[in-house]
Each structure stands twice: as C-alpha cells, then as structure tokens.
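Novice: I'll drop the sequence and a predicted model, then ask my questions.
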Amino acid sequence: MITTDTGGETPHSTVGAHEESGSPDHTVQLLSPTGDRLDDAVYSARAAHLDRAALEDLYRDMALTRRFDNEATSLQRQGELGLWPPSLGQEAAQVGSARALRPQDFVFPSYREHGVAWVRGLDMRRLLVLYRGRDHGGWDAYQHNYNVPTLVIGAHTLHATGYGMGIQRDGDIGTGDPDRDRAVVAYFGDGATSQGDVSEAMVFASAASVPVVFFCQNNQWAISVPTAKQSRIPLVHRGEGFGIPSVRVDGNDVIACYAVMDEALERAHNGGGPTFIEAVTYRMGAHTTSDDPTRYRSRAEEEHWRQRDPIARLRIHLEKSGTAPEFFDRVEAEADRLGEDTRAFCRALDKPDPESMFDHVYATSNSQIERERAWFRDYEASFDQEAQR
Amino acid sequence: MTERIAMAKAINLGLRRAMERDSKVMIMGEDVGPLGGVFRVTDSLQKDFGDSRVVDTPLAESGIIGTAIGLAYAGYRPVCEIQFDGFIFPAFDQITTQLAKARYRSGGRVKFPIVIRVPYGGGIGAVEHHSESPEALFAHTAGLRVMSPATPSDAFAMIQQAIASPDPILFFEPKARYWDKEDVDLQADDAALGLIPAPDGAVPGVAGLERARVLTSGTEVTIAAYGPTVKTALSAARVAGEEGRSIEVIDLRSISPLDIDTVATSVTKTGRLVVVHEAPTFFGAGAELAAAVTEKCFYSMQAPVLRVGGFHTPYPPANIEEEYLPSLDRVLDAVDATLAY
C-alpha cells in the first residue's frame, strides 16, 4: 500500500475502529476540514496544477450536483419520482475522482453516482427516467462513456474488468499517446465489497493486470448496516489482499480524490494494471427516499459528519484564497436554474407506449416475443373496438 | 468434402471457423487453453489463436460471464465455456440478471453477442453436479436464447450460428453424444450453415436459429426431443415402426424460443405428442410445449400430451442414473400409452 505523511486530520469512521493508533493505515488528505491545503510527499504534485479557477470549477460541479440531488429528493417527496438515492455528502468523492478521467475512459457506475454522471457530461436530468419508472436505463453509454446504472450490488465490477480486458486486447494501454491510452472505472460502495462478484473482479483484474480502477466510496452505511459488519479490516486492505495497489483517501476532500484517481489512471493507462481506492465519506442522506436512518444511526453521528461537509470545506478554502462572493452567487443562481429545469424535465416525462415493453428484449426477431406482442396489440385494440360500439 | 467426426470435434471445428471469420470472437473458460477443455472441445485453439483470444480464466464462473459482458461492451464476442452443467449456478446472476437484461436496460443500444457453452446431461457415470439438465431455468428468462444440437453436423453449424447471433445464447452440448460420429460437410459455405453475409462483409446474420427439424415423417404419434434424447426418440421410432407404428420425430434444436408451429403442424396430423428430455418433467420444456400445442391443436388431438423425462429429484448417483434417464423402454411405453387413448 502507498502511504504518505500528511499530518492532516483523518476523517474518522464513527463505526468500527478502523484507524487504531499504531495502524500503518494512512488516509490521503490534501485539504483539511478547516479549508487549508496540506502537503503530501506523494500526492501534492498531482494536484499542484489545480489553481483557484480549477478549484472553483470543482466547487461548481459539487454545488450543482447537490442542488440537482436535493431537487430529485423533493420530486420524490412530491410523488413525481418513485424512488431516489441521494448522493448528498459524497460530492467530493464523485466529482474529484471523475475530473481525473479522460474522455476515452469508461465508467461503470452504481446508482448513486450523480456527480460522476455530471462530470462525464451526461445531462443529469436523464438520471430521473429510471426513478420515474419510464426506462431501466435511459441513455447511450458510449456517448459519454458512462454506462447506465447497475442496481445489483457489485455485479458491474466484473463488467468493468471485462471492459478493461477489451482495452488490453485493443492495445490501448502503454502507448504513451494521451488520446489513445484508456482505462475503466467501477464505482461501488462499502456494502459491495462483501459481494462475491467484487472479489472475483479483483481476482480477474489482478491476475491479468487489467487497466481498471475500483473506486469504493465507503459512505459508512449499506442501507442500515455499518461498514464494521462488512469487514473486520479496513476496506483498503481488501484490494491489497488481491495484490492490487491500494490507497485510502479522505472522500470529502475533492482535491485528494482527484489526486489518487489521477495516480490510479496513470497506472492503468501505462499498463500497470488495477488500483483499489477506498474513499472514506459519509452518506448524509438516507439510502433512498424509502429509507429511515433514524432507526439505525444517531443524530450526533450525522452532526459529526455535517461538520465535514465536502462542499463547505472547499468553500472555506476558496473564501480564504480570495474567491469573490459574486462567484458563489453566480453558482447559486445557476443551481436554481438547474433545479427549475430538473422539475420541468421530470414532469414532462410521460408514460411510454405500453407495447414498447417488447422492444429490445432481443436484437433479432424472436417468435416468442412476436407472438406475445401480437396478442397484446390485439388485446389493447379490443378496448378501442369496445369503445366504438 | 465430408469427414466422419465426433460432435466434440465438430464443435471444435465450428469454433475454429468462427474465430477465423471474425477476429473479435474469443474463447474463455476454465482449462480451455493448453488442455483444450476437459472434453477437448477447444483443443489446439489457444496454440493457433494465442492466449489473448483463448483465455484460461481464473476458476470463477460468475467472473467468466461477468467479464464476458464487459468484453461485449468493448465490442468483443466471447464464447464462454462452463465446464459442467452443475457448475453454472455461481454465474446464474450474471446470466439471468445481467446478461439477459443488459440489452433491454441499454434501450437496444448495446449488443451482447455472448455464447455460453454448457456440456450437459447424464449417462456418463459421473459424480454429482456433472450430469444435470438446467436448460428450463434459462428458457424461463427473457433475453436469452437456449439451443441444443443433437448431431455432429448440426453442432458444427449451430455453434457458428450461435456465435454470429447478436443475442446471448445458452448453447447446451449433450455430453453423452460428444463421441457419436457422423459425416460432416466441413466445406459447407456460409449460406449452407445458415449464416447470411452482411452487406459490408462483416459479421453475418443468422437464419433458422429457432427452427425445429422433422427427422422422420409419420402419421400416428409425434415425438419431440432435443439434445441427448433425439437419438432415443429415433430409436423409439424405429422400434415402433417395426411393430407397424408410424412415428414422426422432431428435433426441437431451439428450446427458447420453441418452434411451436413446426410441432403444431405435426400434431395436427398425428393427433398425439410425446415430449422427451432428460431434465425433470416438472416445470420443464415439455410442460411448456404441452400447453402451447394443446392451445393450438386441441380439436386435432386424440390423447393428452405425455412427457418422458427426469424425476423431481436431484440427479441421482451414477449407479441408478439409467433408471432416472428417459430410456428407450419408457419412451416406447409413452408411445403405447398415447395410442391407447
């Protein structure tokens, strides 16, 4: 494992004693919770080029993601969405890591990566179609190299590994051409690390040196089950156990998340194989809008993490380093517009044609599907005929 | 030019042709490399195509199918080998929940031309998990095609059709028939193999993928079978024929979808249907066929559809598998019973 000495505050997990004193574990941090940039022997250089303008961009990414996410939560509460999984609190882990990607890199997300979707260039509003019950996916994965979500926990880590095997076979690693070398990233959570598929993905990736990054957002809770019940050891050691270079990062530090992902991608692009990243963050909201966190965690814990809000942290830093108040006003105005656009988009999503349920089951004509489609069409038409009588 | 070869060899040569035809076709599975698979179906392929296209994977079935899905996203056409029928279940989620639904989820934007080869069925005196017939579990899942060849010639053509298909296919190979030999036309051109060249000369399309085949014409009883039991059905037809009975044998070839029309046409003529498969009859392919044929042929039928197959037990120990499997005697009994109505 790569360790560095930053002297910064380690974000602590309120569940499980993962960072006992004397542990060799280290958490990469480049921005302290009080908004000061920190030195790190290994990672500072990777973020040195992030000047104030770049950090303002990251702030905007995070603020817009949060506004969109909050709007979607409200839309669910108002009955416009069936369900919503809030990304609240995880904006730094998502935005920071995704900003390190190249356009040709490919992402297999889980269902909470709204900030990654935004950074990849996807119209975030498209995320709503799944939760309004209109579509199981909703966009062309190749347009932004951002796949539709996989809901079965951890299953997509194997897809990412397989995609990386394809990159190897295409010869798109280690060429040194920044427009050609490619990598793939799987985003998943702490609960997913218990899934067999995630272990198998790391076995395949490690054994064949596949250019894949396993980006684990440890948000402390798998619905109601704390990380301590998933693992006796810090999750970062899961990667190491498979022989994969692994690093833990403060997931609420957008600069550090950028830096560790930058390193992981460089390794993958250069043909150095996989990396496992544990981003320690916190799911400030519920698992989904159907969840009730008051049943399993304390107000005090939530308050503890509210003090470590990733967006507030960067804002303090920007304010200290001279960003004008007008910048924040502009972002807020933009967020308001995004919120309005999101509501309008959501409400305009109408019910698809019922017969479309038969589309895309198979790429080629299939007699079973065609028989059932024909029956359904006649059945639907029978109501029209009845109405005419 | 025809050559007398066994089914295992026919599939091997079919794989070779598919790999020569399309550089995106690759083989992955346990022991498929230097060993050539435990049944030697992938014999010599790694030597000739390299270990990038013929991949000895780690020993993890979910991993094999899951990474194949990712390879399909990247434009490859993986042919996965599951070493034995009973070992497919660690991959069940990746097959039924991911592979089968991935195209639907993508809104038709992504293709998953993945073939999963599964040596299946009993009669080889094996230990537990090496003799099962789990095809109905996959036929019940939309998004997958399920097929099973019965002869070397058909296996040679069907594996190439399956690989050319843009949809995921469970390709069940009757392992008890791996060593049965037949004259196979190895020079058959693409059209004869049911492969339709694409206008740009790329991956061909497929014709007749779901077509059943009438093997013997008869007037009194239809026997429908697939995979390992086609041979049993043909024997039954011959023996019954010697007793003056006229039996029509249909090789279904495709289990999902079922070629209901071909079977219904036959049953409209004969009035009687016996379905034979090794899988348990309870909720099996025969149950679906019985329901579908009854809906279509009710007024032509002289007897209820009878099924001959495995029992609702785990596959039994090898010493008593003969009594479990649908034998010639049991098929003939069913033929007699349907004629007695």
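Specialist: Nice, thanks for sending it over.
Novice: How about the residues of the stretch 101-250 of chain A by chain B?
Specialist: Applying CB under 8 Å from any CB of the partner chain, we find that the stretch 101-250 of chain A lies next to chain B at A:106, A:108, A:135-142, A:147-148, A:150, A:152, A:155, A:157-170, A:184, A:196-197, A:200-201, A:203-204, A:207. Heads up, the C-betas are built off the backbone N, CA and C, glycines and all.
Novice: Out of these, which sit inside strands?
Specialist: Among these, the residues falling in strands (DSSP state E) are A:106, A:108, A:184.
Novice: Not counting residues beside it along the chain, what's closest to the residue sitting nearest the centre point of chain A?
Specialist: Nearest residue to the geometric centre of chain A (CA atoms, centre = their mean): residue A:113, 3.0 Å. Leaving aside its sequence neighbours, residue A:113 sits nearest to residue A:187 (CB to CB, 6 or more residues apart in numbering or on different chains; 4.9 Å).
Novice: So the one you found: helix, strand or coil?
Specialist: When classified by DSSP: H, G, I helix; E, B strand; the rest coil, residue A:187 comes out as strand.
Novice: Okay, and the beta partners of it?
Specialist: Assessed by DSSP bridges, residue A:187 has beta-bridge partners residue A:215.
Novice: Confirm for me that it is in contact with residue A:106.
Specialist: No: using CB atoms under 8 Å, residue A:187 is not in contact with residue A:106, being 11.7 Å away.
Novice: give me every residue that touches residue A:146.
Specialist: Residue A:146 makes contacts with A:106, A:107, A:109, A:116, A:117, A:120, A:121, A:122, A:139, as judged by CB atoms under 8 Å, 6 or more residues apart in numbering or on different chains.
Novice: quick one: the helices in the stretch 201-350 of chain A?
Specialist: Along the stretch 201-350 of chain A, counting by DSSP state H, counting those that start in this stretch, helices occupy A:236-241, A:254-269, A:299-306, A:310-320, A:325-348.
Novice: again, but for chain B
Specialist: Along chain B, the stretches classed as helices by DSSP state H are B:7-21, B:45-49, B:61-73, B:92-93, B:100-105, B:135-139, B:152-164, B:229-242, B:260-270, B:285-297, B:321-324, B:328-339.
Novice: where does the stretch 151-300 of chain B dip in pLDDT?
Specialist: For the stretch 151-300 of chain B, the stretches with pLDDT under 70 are B:197-205.
Novice: what about 50?
Specialist: The model of the stretch 151-300 of chain B has pLDDT under 50 over residues B:202-203.
Novice: Would you mind giving the ones in strands among the residues of the stretch 101-250 of chain A next to chain B as TSV with neighbour count, distance to residue B:62 and pLDDT added?
Specialist: Formatted as TSV, those follow (neighbours: other CB atoms under 10 Å in any protein chain shown; distance: CB to CB, whole Å; pLDDT from 0 to 100):
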residue	neighbour count	distance to residue B:62	pLDDT
A:106	27	21	98
A:108	29	16	98
A:184	31	18	98
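Novice: picking up where we left off before, so which of the residues of the stretch 101-250 of chain A next to chain B are in helices?
Specialist: Residues of these located in helices (DSSP H): A:155, A:157-170, A:196-197, A:200-201, A:203-204, A:207.
Novice: Using ChimeraX, define a selection of the buried residues within those.
Specialist: To isolate the buried members of these in ChimeraX, using 16 or more other CB atoms under 10 Å in any protein chain shown:
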select /A:155,157,158,159,160,161,162,163,164,165,166,167,168,169,197,200,201,203,204
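Novice: Tell me, what's the model's pLDDT at residue A:138?
Specialist: Note on residue A:138: pLDDT of 78.
Novice: partner residues bridging residue B:250?
Specialist: What pairs with residue B:250, by the bridge criterion (DSSP bridges), is residue B:214, residue B:224.
Novice: is it true that it touches residue B:224?
Specialist: Yes: Residue B:250 is in contact with residue B:224 according to CB under 8 Å; the separation is 4.6 Å.
Novice: what's the overlap in contacts for the two?
Specialist: Residues touching both residue B:250 and residue B:224 (CB under 8 Å, 6+ apart): B:212, B:263.
Novice: Settle it for me: which of those two has more neighbours?
Specialist: residue B:224 (31 against 25; other CB atoms under 10 Å in any protein chain shown).
Novice: My read is that that one contacts residue B:273, right?
Specialist: Yes: between residue B:224 and residue B:273 there is a contact under CB under 8 Å: 6.5 Å.
Novice: if I look at the two, which residues touch both of them?
Specialist: Here residue B:224 and residue B:273 share the contacting residues B:263, B:289, scored by CB under 8 Å, 6+ apart.
Novice: and stretch A:294-307, how far out from the chain's middle?
Specialist: A distance of 22 Å separates the centroid of the chain from that of stretch A:294-307, by CA atoms, centre = their mean, to the nearest Å.
Novice: Next, count neighbours for the closest residue to residue B:147 other than its chain neighbours.
Specialist: Excluding the flanking residues, the one nearest residue B:147 by CB to CB, 6+ apart is residue B:254, at 4.8 Å. The number of residues packed near residue B:254 is 22, by other CB under 10 Å.
Novice: ok, residue B:254 - contacts?
Specialist: Residues near residue B:254 by CB under 8 Å, 6+ apart: B:145, B:146, B:147, B:209, B:210, B:211, B:212.
Novice: residues contacting residue 122?
Specialist: Since you didn't name a chain, this refers to chain A. Contacts for residue A:122 (CB under 8 Å, 6+ apart) come out as A:139, A:143, A:144, A:146.
Novice: Correction: the question concerned chain B.
Specialist: Residue B:122 neighbours (CB under 8 Å, 6+ apart): B:131, B:132, B:133, B:176, B:278, B:315, B:321, B:324, B:325.
Novice: For chain A, see how far away it is.
Specialist: 28 Å (CB to the nearest CB, to the nearest Å).
Novice: Check what pLDDT the nearest residue to that residue once chain neighbours are set aside gets.
Specialist: Distances taken as CB to CB, 6+ apart place residue B:131 nearest to residue B:122, at 3.4 Å, with adjacent residues excluded. Residue B:131 is assigned 98 on the pLDDT scale.
Novice: ok, back up a step: got any residues that touch both of residue A:187 and residue A:106?
Specialist: When CB under 8 Å, 6+ apart defines a contact, no residue borders residue A:187 and residue A:106 alike.
Novice: count of residues packed around residue A:102?
Specialist: Neighbour count of residue A:102, defined by other CB under 10 Å: 14.
Novice: Next, the contact list for it, please.
Specialist: For residue A:102, the contacting residues are A:178, A:182, A:183, A:265, A:269, by CB under 8 Å, 6+ apart.
Novice: I'd say the second one and residue A:213 touch.
Specialist: Think residue A:182. No: applying CB under 8 Å, one finds residue A:182 not in contact with residue A:213, separated by 11.7 Å.
Novice: so which helix or strand takes in residue A:53?
Specialist: helix A:52-77 (DSSP states H and E).
Novice: So which elements touch the helix or strand just after that helix?
Specialist: Per DSSP H and E, the first helix or strand lying C-terminal to helix A:52-77 is helix A:91-98. Other helices and strands packing on helix A:91-98, by 3 or more CB pairs under 8 Å, 6 or more residues apart in numbering or on different chains; DSSP states H and E, are helix A:52-77, helix A:114-120, strand A:212-218, helix A:254-269, strand A:275-280, helix A:310-320.
Novice: can you tell me which of those comes nearest to residue B:41?
Specialist: Checking the helices and strands packed on helix A:91-98 against residue B:41 by CB to CB gives strand A:212-218 as the closest, at 29.8 Å.
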